[in-house]
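> From the sequence below, what's the structure:
(one chain, ligands or ions: 2)
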Amino acid sequence: MASPFLSIVIPAHNEENRLPRTLGQIFTFLKTQPYSSEVIIVENGSSDRTLELARQFATQHPDLIVIHEEERGKGNAVRRGMLDAHGEFRFICDADLSMPIEELHKFLPPALEDFDIAIGSREAPGAIRFNEPPYRHWGGRAINLAIRLLILPGLNDTQCGFKCFRAEATESLFRQQTLMGWSFDIELLYLARRKKLRIKEIPIQWYFDADSKVSAVRDALRMIGDIFRIHINSLRGRYDLNP
Ligand SMILES: Nc1nc2c(ncn2[C@@H]2O[C@H](COP(=O)(O)OP(=O)(O)O)[C@@H](O)[C@H]2O)c(=O)[nH]1
Ligand SMILES: [Mg+2]
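Ligands and ions are numbered 1, 2, ... in the order given. Just a heads-up that it's a prediction; the model follows:
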């Protein structure tokens, strides 16, 4: 089978409430697009009916692949989906679809050219956040400040759940990934910079969803620890093994 133009990879953990609507919107949208595509859901660690619902959906949509991963973590699920994908462009998409799927074209040719990674940004000029409570906004900005100071200067939103990778960039980056939790984006972007890949920030419309699985304090502290882990990995030459 020829490679599709686009793969959409959705990590899903206890998403029985949000996933059906998201899948409905994605497939309705993809039907109107001129290119070929596949959708990959990677579920792990759910205690609800996420996996069952995804499999049910797949019986009606041959382009939907459902993967169950044993190991926990968003980074782990995304890694599995991105490496199993076949698309020329591979788009990571949170199950809550907090960015309208109609924004997807901004991450793909012909709207976007000359890039290896396009990252959805709630901070780039033109981005709009809807309904975000101030505590969450300023918490996110504080984490981003730490990320910029400690590891990724110049990137104003590394944690948004919508990112598009060219197939070649996917292969080289995700095979070197060591962080399997929430900080995986930081490590991938760090590796991308080392490899001098072209990263573009894409302003998006983003709708806050209160049903978040992120724990503000615990996950923020973990993220800072992970940033130091990345520096230690780098000093130890761990990222030099498979350049
Ligand atoms: N497969 C998988 N997905 C996860 C895990 N943790 C979070 N996710 C997914 O990561 C995405 C973002 O989660 P969300 O709670 O919306 O985080 P927020 O938008 O950053 O507040 C959703 O698609 C979740 O289902 C996990 O351990 N495994
Ligand atoms: Mg979300």
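
> low-scoring pLDDT stretches of this structure, where are they?
Applying pLDDT under 70 to the chain picks out residues 1, 241-243.

> Could you look up the SS state of the residue nearest the centre of the chain?
Using C-alpha atoms, centre = their mean, the residue of the chain that lies closest to the mean C-alpha position is Ile92, 3.7 Å off. Judged by DSSP: H, G, I helix; E, B strand; the rest coil, the three-state class of Ile92 is strand.

> three-state assignment of the residue nearest to it when sequence neighbours are not counted?
Using C-beta to C-beta, 6 or more residues apart in numbering and skipping residues adjacent in sequence, the residue nearest Ile92 is Lys163, 4.7 Å away. C-beta here means a position set from N, CA and C on the backbone, and glycine is covered the same way. Following three-state DSSP, the label given to Lys163 is strand.

> Tell me the bridge partners for Lys163.
Residues in a beta bridge with Lys163, per DSSP bridges, are Ile92, Ile119.

> my read: it touches Ile119, true?
Yes: in this structure Lys163 lies within contact range of Ile119 using C-beta atoms under 8 Å: 4.8 Å.

> Please say which of those two ends up with more neighbours.
Ile119 (27 against 24; other C-beta atoms under 10 Å).

> And the closest residue to Trp206 other than its chain neighbours, how far from Arg141?
Distances taken as C-beta to C-beta, 6+ apart place Arg122 nearest to Trp206, at 4.8 Å, with adjacent residues excluded. Plainly put, Arg122 is 10 Å away from Arg141 if you go by C-beta to C-beta, to the nearest Å.

> helix/strand/coil for the residue nearest to Asp209 when sequence neighbours are not counted?
Distances taken as C-beta to C-beta, 6+ apart put Asp96 closest to Asp209, at 4.6 Å, once the chain neighbours are dropped. Under three-state DSSP, Asp96 falls in the coil class.
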